[in-house]
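Undergrad: 3D, please:
(one chain, ligands or ions: 1)
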Amino acid sequence: MNPKILLFLTIIFLCLDTLSDALLGMRMADQDEKTVRIVLECPKKIKIQKSVNGNSLHIWAPKKSPNFSMRNKTKTITSYTHDDSNTVRLHFATTPSIKKDFWILPGKKYPFFRYVIDIFLNHPLVKKVQIPKSPPIRKKRILIDAGHGGRDPGTIGVGKVYEKNVTLKAACLLAKKLKETGRYVPILIRPKDQSMLLSSRLKATKKAAGDLFISLHADSCSDSSVRGLSLYTLSAVASDRQAARLALKENKADLIMGVKLESEIPEVANILIDLTKREKKNLSSKFAQHLLSKLRYRIFLLRKPHRFANFYILKVPGLPSVLIELGYLSHKKEARLLQSTRHLDNICSGIIEAIDTYFKMEIHEPRS
Ligand SMILES: [Zn+2]
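TA: Down below sits the predicted model:
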């Protein structure tokens, strides 16, 4: 053999032999929140010593490859040093202890011997982040007042249909359907056929702390051809003579029970000059508009279906309130319709669509 080649091969062999027990590299990664895995790569099984010193782990190998590299992917090893003394020092944020160590032989994927050290962290730094539970969405409370009741039948229509029965049937149906949506808490102000003064209704309504108030009624007229649903919101000045007449009639409901309308409860007395008045009026009108836009394709509406008048029952401060006259019991066909579950169900579906739209679109300040 050419002496030059022999010399070259000898040098290569010596170099390889020199590197045959050198540490090639080191990788660190979190296994879980309490364990860190350290992997040392070597060309063969070598003697590796290790010791824990406070928050540090010292690893000693016979020698390191000139290309020795380290890769730290942990959150707990804050820094590391390796110098010519063949010692690697890993500094932890918390006290480490050696859980286990073992060798893995070279395989297809990794051509090196791997020495694995699993470190147990005595005080895990990485804690599970508790995601705060978002507060449950408060369901809107819909107050439903079935007009009249008990000794007060309300309007007596064609075929002796009583307004109090129509309003109770509609109110119960609306409450049932609202509950079924899962989005609302319906509250019936008059849940059964019972006499109830307007002032008692108002107090019950105020106490129920609702988000929306709907009073259900049915009207009558000397002209038996008049028909259609209409809506009323509160106003000191009536929008027209019929609205003023209706408010007067509905406000007189207590007279039938021998009780004069109680002088207005103190917090109600000043409603028309109250600061909440404007907002309430605004929101009540908006809800009425949503009702009209949803109901106009479902049922027959009265001409100029949104009117204003001074209804006592709509006076709970800060509570958007609408009175719905479901139709005319003096109209033969409408009196029949208002007794049919199908017709009332159709109206209730429209009311719920309007409630959905109202809460989606309007800005609602929490009530004080
Ligand atoms: Zn009525």
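Undergrad: Quick check: the residue of this protein nearest the ion.
TA: Of all residues in the chain, H217 sits closest to the ion, at 3.4 Å by Cβ to the ion. No exception for glycine: its C-beta is placed from N, CA and C like everyone else's.
Undergrad: Report the contact partners of that residue.
TA: Taking Cβ atoms under 8 Å, 6 or more residues apart in numbering as the criterion, H217 is in contact with G147, H148, G154, E163, T167, E250, L323, I324, E325, L326.
Undergrad: quick one: which of these sit in strands?
TA: With DSSP state E as the criterion, strands contain L323, I324, E325, L326 from among the contacts of H217.
Undergrad: mind putting these in TSV, neighbour count included?
TA: As requested, those are exported to TSV (neighbours: other Cβ atoms under 10 Å):
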residue	neighbour count
L323	26
I324	23
E325	26
L326	24
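Undergrad: and the residues you listed, which two are the farthest apart?
TA: Taking Cβ to Cβ as the measure, the ones in strands among the contacts of H217 span a maximum distance of 10.4 Å, between L323 and L326.
Undergrad: Around the ion, pick out the residues from the stretch 1-150 of the chain.
TA: Counting by Cβ under 5 Å from the ion, the residues of the stretch 1-150 of the chain close to the ion are G147.
Undergrad: what about 8 Å?
TA: Among all residues of the stretch 1-150 of the chain, those adjacent to the ion (criterion: Cβ under 8 Å from the ion) are G147, H148.
Undergrad: what about the stretch 1-150 of the chain, any weak spots by pLDDT?
TA: The model of the stretch 1-150 of the chain has pLDDT under 70 over residues 1-19, 84, 124-131.
Undergrad: Same check on the stretch 201-350 of the chain?
TA: When residues are selected by pLDDT under 70, those of the stretch 201-350 of the chain lie in 258-279.
Undergrad: Quick one: name the residues of it near the ion.
TA: Taking Cβ under 8 Å from the ion as the measure of proximity, the stretch 201-350 of the chain contacts the ion at H217, A218, D219, K249, E250, A253, E325.
Undergrad: Emit the PyMOL select command for whichever of the residues you listed are buried.
TA: One line in PyMOL is enough to select the buried members of those, burial here meaning 16 or more other Cβ atoms under 10 Å:
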select buried, resi 217+218+219+250+253+325
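Undergrad: Quick one: end-to-end length of stretch 193-204, please.
TA: Stretch 193-204 stretches 16 Å from its first residue to its last (Cα to Cα, to the nearest Å).
Undergrad: those strands in the stretch 251-368 of the chain, which residues are they?
TA: Residue ranges of the strands in the stretch 251-368 of the chain, as given by DSSP state E, counting those that start in this stretch, are 301-309, 321-328.
Undergrad: Of these, flag the one that's most buried.
TA: The highest mean neighbour count among those belongs to strand 321-328 (a mean of 26), with neighbours defined as mean count of other Cβ atoms under 10 Å.
Undergrad: Compute the inter-axis angle for that strand and strand 301-309.
TA: For the pair strand 321-328 and strand 301-309, the angle between their directions (axes from the mean of the first three to the mean of the last three Cα atoms, to 10 degrees) equals 140 degrees.
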